[in-house]
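Colleague: Got a predicted structure plus its sequence, pasted below:
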Amino acid sequence: MKKNCDFYMDKFFALDKNERLPVSLTLHLLFCKKCRNFVRKFSLLEKKCSKENMKKISCDSKNVVEIMRCLDSAYEMYNLQKERVSMRQWLVAGAALILCVVLFEMLAFFASAEFFVFPLSLFFAFSIIMYCAAFVGTNMDFFIKKWKIQ
């Protein structure tokens, strides 16, 4: 390449990815076939390389675990594995909570222990709120996919 072409190639390599080409570089690429072919081949090569590197790797892959152990000696595998609670368990726990509310309210009514009604009502209200918050918080991905929230 000529001295002039080297100058324009330096300008090309100084650009960020997907940055618009300056007018002077565009004009040079229009008239210089060698530089135009080089830029085209380089762009195709860069696209191909970036696609191959975009493969998804599972977080529990042995390589990832070894790399993390090298970086952080306190790293443990349990950081990546999150135990899921099945929907059946959530429904059973919610039904048990509602059943307890009904039973204790009936027990307090029939035993004429009205001084227990208000504290128990507050306790169960707080329990139901915490249950709902935990349910929504741990199943956030389900709700996002269900309602297609972006």
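Modeller: Received, thanks.

Colleague: V85 contacts T138, doesn't it?
Modeller: Yes - at 6.6 Å, V85 and T138 qualify as touching, with contact defined as CB atoms under 8 Å. Any C-beta I mention is one placed from the backbone N, CA and C, and that applies to glycine too.

Colleague: Now the element after the one helix or strand F123 maps to, going C-ward?
Modeller: In this assignment (DSSP states H and E), F123 forms part of helix 117-138. Scanning forward in sequence from helix 117-138 by DSSP H and E, the next helix or strand is helix 140-147.

Colleague: What is the distance between that next one and the centre of its chain?
Modeller: Chain-centre distance of helix 140-147: 13 Å, with CA atoms, centre = their mean, to the nearest Å.

Colleague: do the same with stretch 87-106
Modeller: 32 Å.

Colleague: Give me the angle between the longest helix seen in the chain and helix 117-138.
Modeller: For the chain, the helix with the greatest residue count under DSSP state H is helix 87-110. Relative orientation of helix 87-110 versus helix 117-138 (axes from the mean of the first three to the mean of the last three CA atoms, to 10 degrees): 170 degrees.
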